[in-house]
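Undergrad: Got a predicted model here, sequence first, then my questions.
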Amino acid sequence: MKLVLDTNALFSILNPKSISAYLFHHMKTQFLAPEFIKSELNKYKSTCMFKANLSEYEFTTGKEEIEKLIEFFNVLSYEDFLEKSINLISDKNDADFLALAISQNASIWSNDKHLKEQFLVSVYTTEELVDMFINNKI
């Protein structure tokens, strides 16, 4: 299975005590993300550190470790699918995640309900992934 991570899923994974982090490190899955998600992590670094109760060192080393396990894609690699994606979902800010998933024949890990408005790719919430993991489906 290939999963595109949205920004909030990645933030959750950065908390080493979260179920998202456990899933990320134990699922036999190929993780993908748009390149710009790295700048999002830096932009919201202090919020992420606060919510996960992480020191700067823990955040930085955790981020570096996680980034090694994700394949990042430049917008040029999925731009042919952006316009279609923008028209399929109500929150246009998430069109990159959908376009990347379409271009790579992948699913999306997101808790954003609006991503399920379309039917081109599967979108899994953390809760759904936990259920699939427990039942040995991933």
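TA: Structure received. Numbers count the residues shown, from 1 in each chain.
Undergrad: Excluding chain neighbours, what is closest to residue 71?
TA: In space, residue 71 comes closest to residue 32 once its chain neighbours are excluded; the distance is 5.2 Å by Cβ to Cβ, 6 or more residues apart in numbering. For glycine as for every other residue, the C-beta is placed from the backbone atoms N, C-alpha and C.
Undergrad: Packing partners of the host helix or strand of the one you found?
TA: For residue 32, the element it lies in under DSSP states H and E is strand 30-34. Applying 3 or more Cβ pairs under 8 Å, 6 or more residues apart in numbering; DSSP states H and E, one finds that strand 30-34 contacts strand 2-5, strand 70-73, helix 95-104.
Undergrad: Where is the longest helix in this structure?
TA: As assigned by DSSP state H, the longest helix anywhere in the chain is helix 56-67.
Undergrad: got the angle between that one and strand 30-34?
TA: Between the axes of helix 56-67 and strand 30-34, defined by axes from the mean of the first three to the mean of the last three Cα atoms, to 10 degrees, the angle is 110 degrees.
Undergrad: by contact count, what packs against the helix or strand hosting residue 131?
TA: Per DSSP H and E: residue 131 is located in helix 126-134. With contacts taken as 3+ Cβ pairs under 8 Å, 6+ apart, helix 126-134 sits against helix 19-26.
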